[in-house]
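Visitor: Can you look at this prediction? I've put the sequence above it.
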Amino acid sequence: MDQNCIFCKIIAGDIPSTKVYEDEDMLAFRDINPQAKVHVLVVPKSHFAALAEMDAAQAELVKKCLVKIPAIAESLGLKNGYRLIVNQGEDAGQTVHHLHIHIIGRESMGEKML
């Protein structure tokens, strides 16, 4: 855990969040600035900023997150699809440097990436 990381503080319960899923390895909670009708962040409980920084154990956590996301999406009512986004670095718009996966949906986003 990083004492200065907002997501680590949310994981620790120091900052409140609207949780949609939690287990020993990951937390999924609603984004406070949603970009779609449904916008949830899936966060591994291990602190690392980017895919390039992860070790083998952290890679397993990311795998676990990806395997769990379809069930989370179903629980959120995302029957017609959803988009996953992982921002990597400042040029990509990453503002919190703790790896996280955005689940966005419940509206048509079309074929454009942005």
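Guide: Arrived safely.
Visitor: who touches the nearest residue to His102 once chain neighbours are set aside in this structure?
Guide: Distances taken as Cβ to Cβ, 6 or more residues apart in numbering put Ile85 closest to His102, at 4.2 Å, once the chain neighbours are dropped. C-beta coordinates here come from the backbone N, C-alpha and C atoms, glycine included. Ile85 is in contact with Ile101, His102, Ile104, counting by Cβ atoms under 8 Å, 6 or more residues apart in numbering.
Visitor: wait, isn't the last one in contact with His39?
Guide: Same thing as Ile104. Yes - with contact defined as Cβ atoms under 8 Å, Ile104 counts as touching His39 (5.0 Å).
Visitor: Give me the neighbour count for Lys19.
Guide: By other Cβ atoms under 10 Å, the residues close to Lys19 number 13.
Visitor: top strand in this structure by residue count?
Guide: As assigned by DSSP state E, the longest strand anywhere in the chain is strand 38-44.
Visitor: re the thing from before, quickly note the distance from the residue nearest to His102 to Pro34.
Guide: Relative to Pro34, Ile85 is positioned 13 Å away (Cβ to Cβ, to the nearest Å).
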